[in-house]
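> give me a model of this one.
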Amino acid sequence: MQFVISTQTLENYGAHCEDGKFKSGNAYWKMKGGMDYCVSGLDRIQDAVAFVAAKEMFNSISYKEFPVEWQTYEEWFAKLPEDEDYREFLLEQLKHVDPREV
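Predicted structure coming up:
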């Protein structure tokens, strides 16, 4: 089975020129884009979310990535827009990962 795990990212602008910490008053987080990860090789969506979180997501003082949606590949594919160019772009951007290949 294949699952698609969608993420959101945050960037801490305060970490570019200061320490970026809340304690110092330098944290300034902004929402950014995200990624769609297509996970193969697992039978449960919970395992797919955990795998992507462990192996693909970033977590640092300047950048964080976290899951916001999880679904089967079929559910994700059914929601793709009808516009062929944009649909093709989203399919090309889908990052394929498999724990059996790590």
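
> from the chain's centroid, how far away is the helix or strand bottoming out on mean pLDDT in the chain?
Taking mean pLDDT, DSSP states H and E as the measure, helix 14-17 is the helix or strand of the chain with the lowest mean score, a mean of 86. Here helix 14-17 shows a centroid-to-chain-centroid distance of 23 Å under the convention C-alpha atoms, centre = their mean, to the nearest Å.

> tell me which helix or strand comes right after it.
strand 29-31 (DSSP states H and E).

> can you report how many residues lie near the closest residue to Glu18 other than its chain neighbours?
Spatial nearest neighbour of Glu18, excluding adjacent residues (C-beta to C-beta, 6 or more residues apart in numbering): Asn26 at 3.7 Å. C-betas here are computed from N, CA, C, even on glycine. Residues lying near Asn26 (other C-beta atoms under 10 Å) number 17.

> and Asn26, what does it touch?
14-15, 18-20 (C-beta atoms under 8 Å, 6 or more residues apart in numbering).

> count residues in the vicinity of Gln46, would you?
That count, for Gln46 with other C-beta under 10 Å as the rule, works out to 11.

> show me where this protein has helices.
Listed in chain order, the helices of the chain (DSSP state H) span 14-17, 45-55, 73-78, 84-93.

> tabulate those (CSV), appending distance to Ile61.
Below are the helices of the chain laid out as CSV (distance: least, C-beta to C-beta, whole Å):
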stretch, distance to Ile61
helix 14-17, 5
helix 45-55, 18
helix 73-78, 31
helix 84-93, 27
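
> mind checking how far stretch 11-27 is from the chain centre?
Worked out by C-alpha atoms, centre = their mean, stretch 11-27 lies 23 Å from the chain centre.

> sorry, wrong one. I was asking about stretch 26-46.
2 Å.

> quickly note the distance from the residue positioned nearest the centre of the chain to Asn26.
Nearest to the mean C-alpha position of the chain, by C-alpha atoms, centre = their mean, lies Thr7 at 2.8 Å. Per C-beta to C-beta, to the nearest Å, Thr7 is found 25 Å from Asn26.
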